[in-house]
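K.L.:
next input, structure requested:
(one chain, ligands or ions: 2)
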Amino acid sequence: MADSAETRKLVYLVTGGCGFLGEHVVRMLLQREPRLYELRVFDLHLGPWLEELKTGPVQVTAIQGDVTQAHEVAAAVAGAHVVIHTAGLVDVFGRASPETIYEVNVQGTKNVIEACVQTGTRFLVYTSSMEVVGPNIKGHPFYRGNEDTPYEAIHRHPYPCSKAQAERLVLEANGRKVHGGLSLVTCALRPTGIYGEGHQIMRDFYHQGLRLGGRLFRAIPASVEHSRVYVGNVAWMHVLVAQELEQRAALMGGQVYFCYDESPYKSYEDFNMEFLGPCGLRLVDTRLLVPYWLLMLLATLNALLQWLLRPLLLYAPLLNPYTLAVANTTFTVSTNKAQRHFGYKPLFSWEDSRTRTIRWV
Ligand SMILES: NC(=O)C1=CN([C@@H]2O[C@H](COP(=O)(O)OP(=O)(O)OC[C@H]3O[C@@H](n4cnc5c(N)ncnc54)[C@H](O)[C@@H]3O)[C@@H](O)[C@H]2O)C=CC1
Ligand SMILES: CC(C)CCC[C@@H](C)[C@H]1CC[C@H]2[C@@H]3[C@H](O)CC4=CC(=O)CC[C@]4(C)[C@H]3CC[C@]12C
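P.N.:
Numbering: from 1, shown residues only. Ligands and ions are numbered 1, 2, ... in the order given. Predicted coordinates:
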């Protein structure tokens with residue numbers, strides 16, 4: 001019954017649908033949204049894996065496009081019931097210029113909102129980030145916080161600034177009249193650091209460990225805790241929000257939700273070792289910590305080198321003053337808002353999430 005042509009009526013658009021998170025959202029929609037008729041996957045770079053999805057009962061339409069181009073976005077949005085906007089430039093390493101980051105993350109989001117308004121699309125789910133809140137430039141810890149926890153959210157880095165601006169635009173757009181006279185319903189999801197199949201930085205750490213003879217050196221004290229969330233659960237939350245937004249518009253419209261699951265609070269490195277350990281790497285004697293002053297010196301040196309070498313080549317290592325500050329500041333989330341508002345429960349247990357990630361690494 002769920003698969004019959006009459007029940008399949010909805011058109012979804014996923015921007016950034018070929019990214020790390022976007023691919024999981026796309027696959028999750030195909031598995032868990034029985035009302036789906038057409039799924040539009042919009043991305044600057046389309047993945048070859050999309051081809052295999054085209055043989056199923058849902059019409060999968062691959063759209064190669066750029067969110068900074070308003071006309072391309074409007075064409076993709078026209079006729080969609082729901083837009084899940086995950087496209088973004090995730091760059092905390094100085095690979096792209098601040099202008100490009102703003103262009104994609106802020107202007108791109110403006111284009112998506114305006115396209116919804118012009119074409120009459122009513123439901124918009126935005127992938128925001130915990131970085132919209134923190135860690136802030138003062139390095140204040142955010143310990144077991146929720147969506148209402150007071151925190152001085154002050155940033156200088158272009159990535160969190162751009163995500164914060166884009167999130168504000170999305171939330172302010174809630175209630176705007178769209179073409180046809182109905183109201184736009186928007187909400188924003190704030191994942192903490194996402195991990196899982198396709199998490200490139202995890203692979204980079206793995207390869208670095210192999211180059212160092214199977215060892216990694218602890219840089220961040222084990223007492224600095226981070227919340228992390230499995231990509232499958234983040235995708236599931238997006239799908240659930242998209243499904244519930246119409247029925248619960250008054251409650252959910254204009255709201256933000258942290259993405260959370262049962263993944264344990266750990267330091268960035270200890271958490272990564274949950275996956276890299278079973279793959280044969282070890283964190284060298286946990287009492288031997290690289291001194292903070294040395295890390296800061298290296299991070300500053302990296303930033304200087306990046307600036308000096310910019311005219312010649314792109315030097316963008318993982319360690320810079322910003323990533324060091326993020327990695328070195330406790331940021332943990334403890335909330336049940338998503339459960340209270342739209343019945344979210346993680347689809348994948350910690351054990352499942354761990355096993356799937358290890359298999360992938
Ligand atoms: N990876 C993480 O830990 C977290 C990610 N996020 C957010 O989740 C979203 C997805 O991030 P990831 O999947 O990790 O990144 P990703 O880089 O793997 O995916 C982003 C996708 O957006 C596409 N894209 C970039 N610029 C575009 C443009 N101008 N037009 C169309 N498509 C464009 C890319 O081609 C890519 O496929 C982003 O909005 C990011 O800010 C939020 C919190 C944590
Ligand atoms: C060797 C260093 C001491 C450790 C470097 C670790 C960093 C590369 C990563 C530490 C924390 C990560 C960020 C965090 O998980 C939150 C994020 C949210 C986003 O929206 C995008 C990704 C990221 C900024 C993530 C990026 C890598 C870290 C800075």
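K.L.:
now residue 257: phi and psi?
P.N.:
Per-residue torsions, residue 257: phi -140, psi 130 (degrees, to the nearest 10).
K.L.:
how about the strands in the stretch 251-361 of the chain?
P.N.:
255-259, 282-283, 331-333 (DSSP state E, counting those that start in this stretch).
K.L.:
how about the stretch 51-200 of the chain?
P.N.:
59-64, 82-85, 123-127, 142-145, 185-191, 193-195.
K.L.:
is the fifth one in proximity to ligand 1?
P.N.:
Yes: applying C-beta under 6 Å from any ligand atom, one finds strand 185-191 in contact with ligand 1 at residue 191. All C-beta atoms are positioned from the backbone trio N, CA, C, and that covers glycine.
K.L.:
show me what that strand is packed up against.
P.N.:
strand 123-127, helix 158-172, helix 231-244, helix 249-252, strand 255-259 (3 or more C-beta pairs under 8 Å, 6 or more residues apart in numbering; DSSP states H and E).
K.L.:
closest to ligand 2 out of those?
P.N.:
Nearest to ligand 2 among those is helix 158-172 (6.6 Å), distances taken as C-beta to the nearest ligand atom.
K.L.:
what sits up against the closest one?
P.N.:
Helix 158-172 is contacted from outside by 85, 88-92, 98, 101-102, 104-106, 108-110, 113, 124, 126, 128-129, 131-132, 153, 155, 186-188, 190, 254-256, using C-beta atoms under 8 Å, 6 or more residues apart in numbering.
K.L.:
of all the strands of the stretch 51-200 of the chain, which lies closest to residue 302?
P.N.:
For residue 302, the closest of those is strand 193-195, at 20.5 Å, according to C-beta to C-beta.
K.L.:
let's test this: mean pLDDT of that closest one, rounded?
P.N.:
Averaged across strand 193-195, pLDDT comes to 97.
K.L.:
so what strands line up beside that strand?
P.N.:
Sheet pairing of strand 193-195 (DSSP bridges) gives strand 228-230 (parallel).
K.L.:
does the strand it pairs with reach ligand 2?
P.N.:
No: using C-beta under 6 Å from any ligand atom, we find that strand 228-230 stays clear of ligand 2, coming within 7.1 Å at best.
K.L.:
rewinding a little: nearest to residue 307 among the strands of the stretch 251-361 of the chain would be which one?
P.N.:
strand 331-333 (27.5 Å).
K.L.:
picking up where we left off before, in a markdown table: the strands of the stretch 51-200 of the chain, plus mean neighbour count.
P.N.:
Shown next, in a markdown table, are the strands of the stretch 51-200 of the chain (neighbours: other C-beta atoms under 10 Å):
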| stretch | mean neighbour count |
| --- | --- |
| strand 59-64 | 16 |
| strand 82-85 | 28 |
| strand 123-127 | 28 |
| strand 142-145 | 17 |
| strand 185-191 | 25 |
| strand 193-195 | 23 |
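K.L.:
between those, which one is nearest to residue 301?
P.N.:
For the strands of the stretch 51-200 of the chain, proximity to residue 301 was assessed by C-beta to C-beta; strand 193-195 is nearest, at 24.9 Å.
K.L.:
and stretch 246-254, what's its mean pLDDT?
P.N.:
For stretch 246-254, the mean confidence score works out to 97.
K.L.:
just the buried residues of it, please?
P.N.:
248-249, 252-254 (16 or more other C-beta atoms under 10 Å).
K.L.:
can I get that stretch in PDB, CA atoms only?
P.N.:
C-alpha atoms of stretch 246-254 as PDB (Å, rounded to 0.1, in the frame of the first residue of the first chain):
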ATOM      1  CA  GLU A 246       3.400  20.500   8.400                       C
ATOM      2  CA  GLN A 247       1.400  18.900  11.200                       C
ATOM      3  CA  ARG A 248       3.300  20.700  13.900                       C
ATOM      4  CA  ALA A 249       4.000  24.000  12.200                       C
ATOM      5  CA  ALA A 250       3.000  26.100  15.200                       C
ATOM      6  CA  LEU A 251       5.300  24.300  17.600                       C
ATOM      7  CA  MET A 252       8.300  23.700  15.300                       C
ATOM      8  CA  GLY A 253       8.300  26.700  13.000                       C
ATOM      9  CA  GLY A 254      11.200  29.000  13.700                       C
END
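K.L.:
now that stretch: how far from the chain's centre is it?
P.N.:
Relative to its chain's centre, stretch 246-254 lies at 22 Å (C-alpha atoms, centre = their mean, to the nearest Å).
K.L.:
try stretch 124-132
P.N.:
On C-alpha atoms, centre = their mean, the centre of stretch 124-132 falls 7 Å from that of its chain.
K.L.:
just for the stretch 201-350 of the chain, where's the confidence low?
P.N.:
Along the stretch 201-350 of the chain, segments meeting pLDDT under 70 span 285-288.
K.L.:
and it, which of its residues are near ligand 2?
P.N.:
For the stretch 201-350 of the chain, the residues in contact with ligand 2 (C-beta under 6 Å from any ligand atom) are 201, 219-220, 268, 318-319, 323-324, 326-327.
K.L.:
got the residues of this structure near ligand 1?
P.N.:
For the chain, the residues in contact with ligand 1 (C-beta under 6 Å from any ligand atom) are 16, 18-22, 43-45, 66-68, 86-90, 104, 108, 127, 129, 163, 191, 193-194.
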